[in-house]
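In: take a look and give me a structure for this.
(2 chains)
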Amino acid sequence: MNAGLVESALEKGYEPHEVEKRWYEFWEKQGLFAAAEKSHGPAYAIVIPPPNVTGVLHMGHALNNTMQDILCRYRRLRGDNVLWMPGTDHAGIATQNVVEKKLAAEGTNRQALGREKFIEAVWQWRKKYGNAIISQLKRLGASCDWGRERFTMDEGLSRAVRKVFVELYEAGLIYRGRYIINWCPRCNTALSDLEVEHEETAGRLYHIRYPLIDGSGHLTVATTRPETMLGDTALAVNPEDERYLYLTAQQVELPLTGRVIPIIRDGYVEMAFGTGALKVTPAHDPNDFEICARHNLEIVRVIGDDGKMTEAAGIYTGLDRYECRQKVVAALEAKGLLEKMVDHNHSIGHCYRCKDVVEPNLSKQWFVKVKPLAEAAIAAVEDGRTRILPETWTKTYYEWMYNIRDWCISRQIWWGHQIPAWTCGACHKIVVAMEAPMVCPVCGSKDLTQETDVLDTWFSSALWPFSTMGWPDQTELLKTFYPTSVLVTGFDILFFWVARMMMMGLYFMKAVPFREVYVHALVRDEYGKKMSKSKGNVIDPLEVIDKYGTDAFRFTLAAFAAMGRDIKLSEARVEGYRHFINKLWNAARFALMHLQAPQEPLKSDNISLPDRWILSRLQRATNQAAEALDNYRFNDAAGVLYKFVWHELCDWYLEAAKPALNGKLGDSARDAARAALWQVFHDTLILLHPFIPFVTEELWHKLPGTTGSIMQADFPQGAHASPGVSENPDAEAVMALLMDIITAIRNIRGEMNIAPSLALKVMIQTDNETIRARIATHGDMIVNLARLSSLSVEPPGAKHKSAATALFEGGTIFISLAGVIDFSQEAKRLEKELDKVVKELETNSKKLANKEFMDKAPDHVKEKVQAGHEALAEKQQKLSHNLERIRALQEN
RNA sequence: GGGCGGGUAGCUCAGUUGGGAGAGCAUCGGCCUUACAAGCCGAGGGUCACAGGUUCAAGCCCUGUUCCGCCUACCA
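Out: Model prediction:
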């Protein structure tokens, strides 16, 4: 031991927290996340799905950003100029809600403050709390180019928003009109169709009698919302409906109001539903609104924006909508007009922000005419300019795009991009412009007032891929990185965001915003339920990180991220992968004991079997991991590396290399082993770095002979392949033989309950000279790893009494157990094994006896079965032979 | 109503041109072997939801049934 070894020896277990903090700061300080505006090599760009400023890191973010980080780090190792564009979203409604709550706690409200002061308060809030999610992303290890961080309310991005609005307006793709929209009475704003969450709810169908005006009876309609009857302006029946063909009256009296309304005929009415008669409430139902337009009906708005009944509701004015329902039902019942109530399930829309029940209501709003934009977005996917992965999402994308309806973009809140439209007080014309006009361009009046509504937050995030890069200016950044390489996102915002970015990108940049869209799954709880605060089943990623470390957490996410499949996460799984990090750590601890001085480079001569083998396995693992990452198969990549590190590097290679490393085979063997160990370890750290950046960086710096950050290393493949690393089928074959023999001996040891401390005497019989030679050459390894006192190789024939037998492909192993062997136990063991072989042989023989199989199966399959058959037959023969022998001994 | 995904070991899940049913955890047995007990060495465990079909051959392809989950929709 030397002093250096002690000094730099690693702690016994890996302690992540200090390491994570230290290296993250190092990376940032060194500017290793920064993209070059112009690149010589390939450019690789990802824009982050901007989290809400109000957000705190949840599992969805964690998965999403871990994947992006893996890709970015991987591409950097491959030499790409990587831009990972970070930022946050101003989240209009959510943020306004948060700040309003804060104001309420302070005993005030936004109305009292006024618009300007309120917005100032929001900015204050953002300054103070808005960076929480950013620092959480950093704890996750996210290697974003933080110097370019953007916010959807930044001046630059706001300019992009205004520009887009003006151009779309001038192109006739933005219009303003009075239509039925989704109104959230709690948030006090309009919502787009997408922002309404439908939920199946148990409700009632109220059958209400509307007296015919001529006293000849009544028409019964079924409704789930009796309170809206106050706003009915017609009843509708299907023109084909024979039940209603010969009505004597063409009008009914609207109960509780005394109004008289017409009976109309419209094909929309389903004869089979309810009574086949429909009440028409144009102000509070989108379908009724359309019927109304077809029949030129009156519109009566009985529910106001506050969710309370308007003056048009007569005596019910001012009542809450649900209170009013009760009163109306009671009144109808009292008049004998409530025929019956039937239980009925139907879906009710809820605000995706506050979960309050959304009210379809008539309102004057701004809309984007999306059909033409959608067509271009469909075409771009159809012709492959953008590829959606997994492909199954393509269909969903088309489905939505084909059935798209106009997008309501105005919101009646204050926090957001105020719509750049002004109304002239003199001529009432609307002026839409980038900057506030001084005078009305139509009449010259100075009496201009700006539209108070702001835009849907998604309107600005739709521009994210190019607005963050400086558009509308034609920047270097755009030239280098637009279209971006891939968008990594959850399917829950496929429509909200991805689809709209496609539309806007194509319209304004004349090019798709991303070449690929990788749609990943959702993280669910261990029972497969969506994590939500109300269910109380959320796992906080930060708590997990605190407990197990970022690397363990990231590796878990990667290992479970099979394409197109949801991740059910529980802490136990993270704990499992923490063991992996620890395993790597300890392997490093061992390796570094032997690698204190800089190594001689690996020479191809004088290289041992275990070295050649692990270098070959390393090459395969490298290729497989790269191939998997290139195809977004994160779980495969993680799995390959896990297996390589644990079950090849640790379980076999390190054990096999110990004698050489410990100097038992001489100085030159030791030096050669060190060189190989160094190379394997060096490359392994690089392969693992995208997944577990912190521990690999820490170990990288402990490894002598490395310079700078591991982030700046080359991915060891192709032109950057490391010396000596190559596939070596011969070495793999020999190792497979030795491993096979060692495992067979261990198996006997285990099954016969022989203490590991007891060194065994082993004889191997084989008639295969190559095998004999191989065992003779590499017998030391068997002796070492199977713990033998002696090993001999011989041609078949000699009898070995008091020996247990094991088979390997090519021969028989005799394990001398004089005085230890339990014959009956050994006989049992052999019987069991023979049983297995016989069964296998049966199915195998059947195949070979099957004429059709022999006629039709391809050659390589037949050969395989044939070879398998021969091996099995030999095995069977040997096993029964051994069994006979044991039985004979048993009888003595 | 339409669409999508899933049902594989006790649990969580892999299984990509149809030819060996696998991993991790859990369980059982043996080990404090000088990198690691967060470990090492072994072992057991499955009618691949069910029923048909195509094929020499089906976890994989086709049809039907059933259960679960999600997305979407203007039957009040």
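In: in the helix or strand harbouring A:Leu785, what counts as buried?
Out: Assessed by DSSP states H and E, A:Leu785 sits inside helix A:769-786. Using 16 or more other Cβ atoms under 10 Å as the test for burial, helix A:769-786 gives A:Ile771, A:Arg772, A:Arg774, A:Ile775, A:His778, A:Gly779, A:Met781, A:Ile782, A:Val783, A:Leu785, A:Ala786. Yep, even glycine has a C-beta here, placed from its N, CA and C like the rest.
In: farthest pair in those residues?
Out: Within the buried residues of helix A:769-786, A:Arg772 and A:Leu785 form the most distant pair, 19.2 Å apart (Cβ to Cβ).
In: what's the span of stretch A:276-292 from first residue to last?
Out: Stretch A:276-292 has an end-to-end distance of 18 Å (criterion: Cα to Cα, to the nearest Å).
In: buried residues in that stretch?
Out: If you call a residue buried by 16+ other Cβ under 10 Å, then stretch A:276-292 has these buried ones: A:276-285, A:287-289, A:291-292.
In: widest-spaced pair of those?
Out: A:Gly276 and A:Ala283 (23.3 Å).
In: by contact count, what packs against the longest helix seen in chain A?
Out: Ordering each helix of chain A by length in residues (DSSP state H) puts helix A:859-891 first. In terms of contacts (3 or more Cβ pairs under 8 Å, 6 or more residues apart in numbering; DSSP states H and E), helix A:859-891 is packed against strand A:803-808, helix A:823-849.
In: give me the neighbour count for A:Asp822.
Out: Around A:Asp822 sit 14 other residues, with neighbours defined as other Cβ atoms under 10 Å.
In: need the pLDDT of the residue lying closest to it once chain neighbours are set aside.
Out: In space, and not counting its chain neighbours, A:Asp822 is closest to A:Met752: 7.1 Å by Cβ to Cβ, 6 or more residues apart in numbering. On pLDDT, A:Met752 comes in at 83.
In: list the contacts for A:Met752?
Out: Contacts for A:Met752 (Cβ atoms under 8 Å, 6 or more residues apart in numbering) come out as A:Ala804, A:Leu817, A:Val820, A:Ile821, A:Asp822, A:Gln825, A:Glu826, A:Arg829.
In: the second one contacts A:Ala804, doesn't it?
Out: Yes - in this structure, A:Leu817 sits in contact with A:Ala804. The criterion is Cβ atoms under 8 Å, and the distance is 5.6 Å.
In: these two - which one has more neighbours?
Out: A:Ala804 (29 against 21).
In: who does that one form a beta bridge with?
Out: In this structure, A:Ala804 bridges to A:Ile815 when assessed by DSSP bridges.
In: thinking again about what came up before, and the helix holding A:Leu785, what does it pack against?
Out: Applying 3+ Cβ pairs under 8 Å, 6+ apart, we find helix A:769-786 packed against helix A:609-630, helix A:655-661, helix A:729-751, strand A:760-765, strand A:788-794.
In: now those as CSV including mean neighbour count and distance to A:Phe466?
Out: What follows is the helices and strands packed on helix A:769-786, written out as CSV (neighbours: other Cβ atoms under 10 Å; distance: least, Cβ to Cβ, whole Å):
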stretch, mean neighbour count, distance to A:Phe466
helix A:609-630, 21, 26
helix A:655-661, 21, 53
helix A:729-751, 18, 50
strand A:760-765, 21, 69
strand A:788-794, 15, 69
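In: out of the helices and strands packed on helix A:859-891, which gets the lowest mean score?
Out: helix A:823-849 (a mean of 84).
In: by how many degrees do that helix and strand A:803-808 diverge?
Out: If you take axes from the mean of the first three to the mean of the last three Cα atoms, to 10 degrees, helix A:823-849 sits at 20 degrees to strand A:803-808.
In: for whichever helix or strand comes after helix A:823-849, list the C-alpha coordinates in PDB.
Out: Of the helices and strands lying after helix A:823-849 in sequence (DSSP H and E), the nearest is helix A:851-856. In PDB, the C-alpha atoms belonging to helix A:851-856 read as follows (Å, rounded to 0.1, in the frame of the first residue of the first chain):
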ATOM      1  CA  LYS A 851     -41.800 -34.700 -41.800                       C
ATOM      2  CA  GLU A 852     -43.500 -31.300 -42.400                       C
ATOM      3  CA  PHE A 853     -41.100 -29.600 -40.000                       C
ATOM      4  CA  MET A 854     -38.200 -31.100 -41.900                       C
ATOM      5  CA  ASP A 855     -39.700 -30.100 -45.200                       C
ATOM      6  CA  LYS A 856     -40.700 -26.600 -44.400                       C
END
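In: does RNA strand B sit close to helix A:851-856?
Out: Yes - using Cβ under 7 Å from any atom of the strand, helix A:851-856 reaches RNA strand B at A:Glu852, A:Phe853, A:Lys856.
In: which of these ranks first by neighbour count?
Out: A:Phe853 (14 neighbours).
In: how about that one, what does it touch?
Out: A:Lys847, A:Lys862.
In: try it again with 6 Å
Out: Counting by Cβ atoms under 6 Å, 6 or more residues apart in numbering, A:Phe853 touches A:Lys847.
In: quick one, grab the pLDDT at it.
Out: According to the prediction, A:Phe853 has pLDDT 89.
In: that older thread, so which of the buried residues of stretch A:276-292 belong to strands?
Out: A:Ala277, A:Leu278, A:Lys279, A:Val280 (DSSP state E).
In: dihedrals phi and psi, A:Glu149?
Out: phi -50, psi 140 (degrees, to the nearest 10).
In: from RNA strand B, how far off is A:Val342?
Out: Using Cβ to the nearest atom of the strand, to the nearest Å, A:Val342 is found at 11 Å from RNA strand B.
In: what is the neighbour count of that residue?
Out: 12.
In: that one in helix, strand or coil?
Out: Classification of A:Val342 by DSSP: H, G, I helix; E, B strand; the rest coil places it in strand.
In: isn't it right next to A:Leu205, touching?
Out: Yes - when contacts are counted by Cβ atoms under 6 Å, A:Val342 is listed as touching A:Leu205 (4.5 Å).
In: which one of the helices and strands packed on helix A:859-891 is the most hemmed in?
Out: Most buried of the helices and strands packed on helix A:859-891, by mean neighbour count (mean count of other Cβ atoms under 10 Å): strand A:803-808, with a mean of 24.
In: per-residue pLDDT of the residue of the stretch 301-450 of chain A found nearest RNA strand B, please?
Out: Residue nearest to RNA strand B within the stretch 301-450 of chain A (Cβ to the nearest atom of the strand): A:His346, separated by 4.0 Å. pLDDT for A:His346: 82.
In: let me see the contact set for it.
Out: A:Gly203, A:Thr224 are the contacts of A:His346 under Cβ under 6 Å, 6+ apart.
In: that one: which element?
Out: Assigned by DSSP H and E, A:His346 falls in strand A:338-351.
In: who does the residue nearest in space to the middle of chain A bridge with?
Out: Closest to where the C-alpha atoms of chain A average out (Cα atoms, centre = their mean) is A:His520, at 3.3 Å. Counting by DSSP bridges, A:His520 is bridged to A:Gly490.
In: quick check: it vs A:Val640, distance?
Out: Noted for A:His520: a distance of 19 Å to A:Val640, by Cβ to Cβ, to the nearest Å.
In: swap in A:Thr152?
Out: A:Thr152 is 39 Å from A:Val640, by Cβ to Cβ.
In: what of A:Lys828?
Out: Taken as Cβ to Cβ, the span from A:Lys828 to A:Val640 is 39 Å.
In: now swap in A:Leu373 and tell me
Out: Distance, A:Leu373 to A:Val640, using Cβ to Cβ: 42 Å.
In: pretty sure A:Ile46 sits in a strand.
Out: Yes - counting by three-state DSSP, A:Ile46 falls inside a strand.
In: in what helix or strand does A:Leu83 lie?
Out: Under the criterion of DSSP H and E, A:Leu83 resides in strand A:81-85.
In: pick out the residue in chain A sitting closest to RNA strand B.
Out: Counting by Cβ to the nearest atom of the strand, chain A gets nearest RNA strand B through A:Gly750, at 2.5 Å.
In: how close does A:Lys364 sit to A:Ile303?
Out: A:Lys364 sits 16 Å away from A:Ile303, going by Cβ to Cβ.
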